[in-house]
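Undergrad: Whatever this is, show me its structure:
(5 chains)
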Amino acid sequence: MNLIIISSIWGIVLMFSGLFFPRKSVSVNIAIIGAILLLIANTLDINGLSITSSTFNGLLQYDIYGYIFLELLLISFLFYLLLSAKQVTEVGNHPYEYFALMFFVMAGIGLVTFFNNLLILFIGIEIVSIPLYILTGSDKRNLKSNEASLKYFLTGAFSTGILLLGIAFLYGASGSFQVDRLLTEARPGLGVFTPIGLVFVLVALGFKVSAAPFHFWTPDAYDGAPTVFTSFMAAIVKLAAFVAFSNLFLFGFADLSAKWQLPLALMTVATLLIGNVTAVYQQSVKRMLAYSSIAQAGFMLLAVFSGNDLARQGLLLYTPAYCIATIGIFAVLIRMEDYTYDGFNGLASRHPMVAFCVTVFLLSLAGIPLTAGFFAKYFMLASVVKTGGFLWLVIVAVVLATISVYYYFRVIQAMYFRTASSGESFLKAETLSFRLLLLAGAILLIALGVFPYQLLLNWLIA
Amino acid sequence: MISLLLILIPLAGGLVNFILRSDQAARIWTLLVSFSSLATVLCHLFCSETANASFQADWLSLIGASFALQMDGAAALMCLLSAVVYVLITLAIWKNDIRSSNNFFALLLLTQAGVNGVFLASDGLLFYFFWELALIPVYFLCSIWGGEKRISVTFKFFVYTFLGSLLMLAGLLYMAYQAGGSFSLQALSEVKLSSSQQSWLFWLFFVAFAVKMPVFPFHTWQPDAYEQSPTAVTMVLSALMVKMGLFAVVRWLFPLLPGGVLQYSAIVIWLSIAGMLYASFIAMKQDDLKRLIAYSSIAHIGLINAALFAGNEGGYNGAMIQMFSHGVNVLGMWIVADIIEQKTGTRKISELGGLAQTSPVLAILLVIVALANIALPLTNAFIGEFLMFNALFKASVWYAVAAGLSIIFGAVYTLRMIQHIFLGDKTERADKVSVLPFGATLSLVLICILIFVGGLYPGLFFQLTADSVATLLKIFN
Amino acid sequence: MTVSEILFWFLSALAIAGALMMVVGKNPVYSVLWLVVVFFAISGHYILLNAQFLAIVNIIVYAGAIMVLFLFVIMLMNLNAENEPQKNRWMWLAGSVSGGTLLLVLVAALRTSELLAVQKVSEGGETGLIKTLGSVLFKDYVLPFEVSSILFLSAMVGAVVIGKKGD
Amino acid sequence: MPVNYYIFLSLTLFSIGVAGVLTRRNAIIIFMCIELMLNSVNLLLVAFSKMHFGNVELSMLNSNVGIEAQLFVFFIMVVAAAEVSVGLAIIVMMYRNIHSVDVNFLNRLKH
Amino acid sequence: MSQLVFLVPLFPLVGFLLAGLGRNYLSRSVSGIIASAAVFASFVVSLFIFQEVRAEATPVIVELFPFIDVAGIRIPFAFQVDRLSVLFLLVITGVGFLIHLYSSAYMKEESAPHYARYFAYLNLFVFNMLLLVLGANYLIMFIGWEGVGLCSYLLIGYWFKNKAYGAAARKAFVMNRIGDLGFLLGLFFLLQQFGSLTFSEVFPGAAGAPSEIITLITLLLFVGATGKSAQIPLFTWLPDAMAGPTPVSALIHAATMVTAGIYMIARSNILYTLAPATQLVIAIIGLCTAILAATIALKQNDIKKVLAYSTVSQLGYMFLGLGVGAYTGAVFHVITHAFFKALLFLGAGSVIHAMHHEQDIRKMGGLAKKLPQTHLTFLIGCIAIAGIPPFSGFFSKDEILINAYAFSPVLYWIGMAGALMTAFYMFRLYATTFRGTFRGTCEQAHHLHESPWQMTLPLIILAIAAVAAGFMGIPELFAKDAHWLQRFLSPVFEQSTALQHAHTISHSTEYLLLGISIALLLTVIVYAWKRFSSKPDLNEAVGIGKLLERKWLVDELYDSIIARPLNHIAGWLNTVAEKKGIDGLVNGSGKLVQWGGRQLRLLQSGQVGGYLLWMVLGMLLLLVLIKTL
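TA: Numbering: from 1, shown residues only, chains lettered A, B, ... in the order given. Sure thing, here's the model as predicted:
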């Protein structure tokens, strides 16, 4: 709860500080202070020092899992700000507002993490989405940014409608918006609404996490948005949507899993297929990363699918594995002129440490052992195996994951094995602190890839 | 503890190498590290109790994985091979010109850490870990220091093996789940599986290993990869990494899925034999020296695999000793190929000729190695091949007949190679080979010594692997 | 047929007709007006369902504020029938077929249940009164209420950031 | 009134909205269709709220039965209002740049 | 002394190592002496062993160290000294020494390192050959078996600058390997049947084994023998092997290595006796080879080629002998053949040496006066091989043929025809080379000279042996119990003899046959001598002669039905199956993904209406799916 309150307040603080500090660069510092505050606040929360621990008549439900997830997300957020906050100020004339919107998003994320009521879920999702529509379109002169924003908005609003229809049906069946009571029929016979409502909710949440065939907005929105916001959306927001998704299905619909597991499995396969296969064709690294985020979503869907303890642990591990890697790569991408693969040519000889870190990030995304990404994927697969059936899903996932190597390694190939065409350094603002931060991220990924329990998951169990 | 050292020494050594700035220092350091690995293995073989060699530590107890290393006969043999091979490689490429050699040797040593890990791991997840880890440095080695088409070829190699290993991971996961959430070799091999489970799990595992070996028809990455890789890496690939596949069959596939193995052994043997003949045929047509050796290696590995699946004691023994012998012999072939390439600038057999006149020493060494490669008696490979053919024969006469044809074809392509490179009128290129690099010659001489020691007194190796063979026999009886 | 039933059918017909006209209308301004008609019809339904507060809010917020906003924007852009681009015949067909199929599938899914027909909508009660709603809103639903402010804030900021001319 | 009627009515409206979203190319009209969809959901929720109202078992668990659905409708309106402000801003921004609100012109980003 | 038998192969091995490793440091004479001395030392040891074995009939087995001892297969590195092996020891080291001696002069033109290399190879060969005959089990025998193949390869390709020689060497090795595969399979059957490869464990139990297995084993071993001993169908390598230096041809391709097959069968005589079907096959193949090679030899003009085909033909006789159960006869012929064929080859070498590496007999003629010692010894060799009493060839060949007659008269008469051809072509060769007038260039005529003593001395010694060796096996016909060799070898063939039927040919028949054969032979010899002395066969052959000259087109046949198709298959596999097929499939799956990427990206049409439509369609699908579940 600390998070929700502090981030809302800090958003407002940011809005007003724009009045007092006209220099753009100040906004960066305030935002970073805010992120640190959030981190502290959430840590205090974990240790029982909350501003309020009220559940508001059961609308919220706090659990250690959610706190740890938020903690990880906040670390990623801080990592993101430290790496890319300066680039945020370069997007347009309203840096304070952009940061404020991000903090509002964080508040929304807090809501969707702890929701125990569909109303909170709905409002939370909207609080997350509406700022994103704006951030996507924040590069106003850029037609691509405009287009991305409008596409994102139209499809997003449409999915909101679908979500609401689903919620309505669920309510019709149970007479309650409380997650834990969704499956109890209010009166005999009303159960027919449940599967229908379930499908609509599935579609709407599938949209948010960009599961096929509801993923179409993702490449366009990610590609069109200013790269620094793409990074934020693709990494942090995506994960939050997943946690909401998995919580809803785990706490709300677990008993009905016989009905939704197969559709979800098919969605997963379609997501993996489309994400991986389409990414292969891409020429722009940014767009490739958009498709790769779809492919990664396919893997994370496995966690929703199996919904057991392994799945939850896996999702927890996926958070840093995916966020840090994505943020790191985007941070490098932002500093480049050329977003095609060729733009990376010869990076290793010019910036060896950056190239090394990007390599670690890519390996992590590809799920190579010794990186956190491996265990993230491992837990996903293991959780499916643990459900007993659906081994074909594991095998399909594994085969399709192989394809991902193709596009991730193209970047590595460009960095290490090809030489740059131009002579001068092509990374803007490549400072020592930037390098060290990237290195810290890479080391974190490797450390998590060796000791996932010791560093992270034991925390959950304790 | 020794097993842990065998992983840590190259690992630490490799990391240190990244820091070293001078070329000479990197080489000396690498040699030093390789020697200390060798010393460690020898120490294990001669002065320590086997029980002490294993290592066990908690790692991921909640998902049933632990950092468990187990030294048995086969593992010791393979570690010995890896240590020997690394010393020889370092010597052999001492004079080669390598750009940023510290990184090169660093990655090379990291590969060794991975390979040794594969040989020693007795925990399924750890095994998978090392299995992949061995691949990553190799990927960089080949892609950075390789030949003209290195990027695409290495990538193909990587994706191919990666796909295979992911399938294995799926299988491992399933088995671990069946074993009540434990990845230990012991627990996995005690799982009771129905025959249908065994049969599909078998293929998940086997494909991973088959790609690595490689067994026909999963082999097409290999000639390309060998051709394009820097020679030192090719040496590691063919002398050590293909053994990973064979070793995995012994250490993992057999104990885990005996039912599946029995069910499909005929298919696997026929595949292997088909691969032997197929590769031999193609080897006859190769003009590139490296490709020729690559195909010949496929043929030899096919035999080892077939013998393992033939399922009798002689076959196991033969396969074990041949795993070592093939590693040594093929290394010799690569060293010769490397000398020729370094000196003449070509690998095309058709462009060479008359080297025996300018470099009789090289000719003699190559002839010895090549003859060992075609398993002439009194060389190390003969023992293995004799036992393996006998094992195949015991399984079925037709196996032995079909596989035996490769004896003939092997002679055909090997002699063709010798003839074209060394005999005939000397070409201009041949003159450049008059002085041999000392390091490479030294390793070749050492290899020749190993060839004859193995060929005359194989009992040393049989003693070493006796316990592994006994384990295998227990599984199938 | 009781009065309420007659009203129900009338309002339903009005809503559906309005919706259809809105969708097929060529001139955006007309579409807005037809949508307003739909909203009024729906508000009528709310009253029938004894949800007076929502009926009023619906008229004030939707028909009054939101639709006027739409109208403003349309006027601002000077959109009229001629500006409406040529429709893609296939898209038109695919869209209507999908919409129709969606309806069909849903209806087919719900029709099968005979129990549903028995479930009546109670028309009495105090649920819709401001007093009831207000007390629940500020007691039990205070969190969403407060949180909506963040939503509005961000929408506000967004509208400014996006809509501001210049830069 | 049987609840069926309301269900079918709102589903019809919803489907018309969906069909409108799919068929129209004018971004504003698409947006209006989405508003129609939201309204149909509102209607459905109110109908359900009245259906559950007075249900004894539900009342025992939750004294607010029925009321919360109407509150939900209230929040939907709140969100819709916010959404509209942002959405129209985006559309206007779009219009400023390309002088059209035809979504078919949005095709710079593809493949 | 028998315990020291390991010294016999050890000396040549040491010689090999010394000469081989020191080839850059040793002068020619030193390396020649080292090598020759090594073989001579072996010969001396062999003599001592011979003395011992003559007195003691039971074989001595010397186990040196455990070789393979695993998985129930126990194969020690052991030597077996008995009467059979000791005979071969003497022949190998004896003839081997003479040839070393001869080589030291013959190879004088080589530079020191190559000279040393030559002797190293020769010593290595002797070492392997000794392993072959000394092995106490089939595996050691096989080691020698392959080892001599290797040395043969190395020595055929000794002049490595010449690519054709290299090809000949390769052909020899590959053909031998084909045989070796058969041999190896035979070993596996043996191992399976008897659980051992040791002679002393296999043979006693042979009688108890199922006869089909024995037949199979013997047939497979015989396949090995056809490769090593150049029998149909694997004989074509031997004539090509003449590419090597002539002393090598004498040692390897006449006296010793090619008789390995005979040794092996004689060693395994009990198995063959138990497999009459195999014996029949051997007899037929031996006879066919004898005749075929003899016909080809009729028309060859290369002095070494004639001798090579003659060797093939003589080996055929030996197999005929084995096939009809005349093991002693076969071994006898091996010994006599070793002498006279080594003699002939060395004589031919002397001629070639004198003629400056000219091998075509059409360009020789009238050499008798210029090379008197060579001429005389060569003539003795010719008479010996033709089988004129009392030269050695007569005794041994006659023993085989008489035994064949006892088996079936048809075999005898065909064999007789072969013998006549032998006489004919040998004297054609002799007459064309040594008689008539010199047809070479003036320069050659000018330089014609008799060879040095290192070359003539072996010729003389071998000539004496070729004359006298026959007396170790005087047939019963002439003197009772005069057949020393039979007595000497009887312990070796004891078991077989017990199983064989006694031959019943009346002495009168035997006399009659002898008479006829000698008469015919003399006629042929006289005719050939006369004819080719005066009017050598210099013209291009026509008709059937052409066919014979082209060796019945066997090489071409093999080329077109085996080598070329295999080559084509390899080419097809390389270019089509590998590149387009399997690799195509692998790359194709990669391409498929890329193609899929190209197609799937089209879904991302950029049209937001399309996106929404897909969403609705997906939703519909899920609805239908969930309702049906």
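Undergrad: Close to chain B: what parts of the stretch 301-450 of chain E are there?
TA: By the rule CB under 8 Å from any CB of the partner chain, no part of the stretch 301-450 of chain E lies against chain B. C-beta: built from backbone N, CA, C; applies to glycine.
Undergrad: can you pull out the helices in the stretch 301-450 of chain E?
TA: E:303-323, E:327-354, E:372-386, E:392-407, E:409-434, E:442-447 (DSSP state H, counting those that start in this stretch).
Undergrad: Quick one: closest of the ones you listed to chain C.
TA: Closest approach to chain C among the helices of the stretch 301-450 of chain E is made by helix E:303-323 (85.5 Å; CB to the nearest CB).
Undergrad: hey, which helix or strand in chain D has the poorest pLDDT?
TA: One helix or strand of chain D scores below all others by mean pLDDT, DSSP states H and E: helix D:56-61, with a mean of 72.
Undergrad: Show the subsequent helix or strand relative to that helix.
TA: helix D:67-98 (DSSP states H and E).
Undergrad: That following helix vs chain E: in contact?
TA: No. Counting by CB under 8 Å from any CB, chain E is not contacted by helix D:67-98; separation bottoms out at 11.7 Å.
Undergrad: which residues does A:Leu256 contact?
TA: By CB atoms under 8 Å, 6 or more residues apart in numbering or on different chains, A:Leu256 lies in contact with A:Leu183, A:Thr194, A:Pro195, A:Leu198.
Undergrad: If any of the residues you listed are buried, give me the PyMOL selection for them.
TA: PyMOL command restricting those to the buried ones, with burial defined by 16 or more other CB atoms under 10 Å in any protein chain shown:
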select buried, chain A and resi 183+194+195+198
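Undergrad: Of the contacts of A:Leu256, which pair is most distant in space?
TA: Farthest apart among the contacts of A:Leu256 by CB to CB are A:Leu183 and A:Pro195. That separation is 10.7 Å.
Undergrad: so which strand or helix has the spatially most central residue of chain D?
TA: Centroid-nearest residue in chain D, with CA atoms, centre = their mean: D:Leu38, separated by 1.1 Å. Assigned by DSSP H and E, D:Leu38 belongs to helix D:27-52.
Undergrad: what's the angle between that helix and helix D:67-98?
TA: 180 degrees (axes from the mean of the first three to the mean of the last three CA atoms, to 10 degrees).
Undergrad: could you check whether helix D:27-52 is close to chain A?
TA: Yes. On the criterion CB under 8 Å from any CB, helix D:27-52 is in touch with chain A at D:27, D:30-31, D:34, D:37-38, D:40-41, D:44-45, D:48, D:51-52.
Undergrad: Please identify which helix or strand holds residue 277.
TA: No chain in the question, so chain A it is. Counting by DSSP H and E, A:Val277 is found in helix A:257-281.
Undergrad: my bad, chain E
TA: E:Ala277 belongs to helix E:276-298, assigned by DSSP H and E.
Undergrad: In CSV, list the C-alpha atoms belonging to that helix.
TA: This file holds the C-alpha atoms of helix E:276-298, laid out as CSV (Å, rounded to 0.1, in the frame of the first residue of the first chain):
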residue,chain,number,x,y,z
PRO,E,276,34.8,-80.1,-47.1
ALA,E,277,32.6,-77.6,-48.8
THR,E,278,35.1,-74.8,-48.2
GLN,E,279,37.9,-77.1,-49.3
LEU,E,280,36.1,-77.6,-52.6
VAL,E,281,35.7,-73.8,-53.0
ILE,E,282,39.3,-73.3,-52.2
ALA,E,283,40.4,-76.0,-54.7
ILE,E,284,38.2,-74.5,-57.4
ILE,E,285,39.3,-70.9,-56.8
GLY,E,286,42.9,-71.9,-56.5
LEU,E,287,42.7,-73.8,-59.8
CYS,E,288,40.9,-71.1,-61.6
THR,E,289,43.4,-68.5,-60.4
ALA,E,290,46.2,-70.7,-61.4
ILE,E,291,44.8,-71.0,-64.9
LEU,E,292,43.7,-67.5,-65.3
ALA,E,293,46.9,-66.0,-64.2
ALA,E,294,48.9,-68.4,-66.3
THR,E,295,46.9,-67.4,-69.4
ILE,E,296,47.6,-63.7,-68.7
ALA,E,297,51.2,-64.4,-68.1
LEU,E,298,51.4,-65.8,-71.6
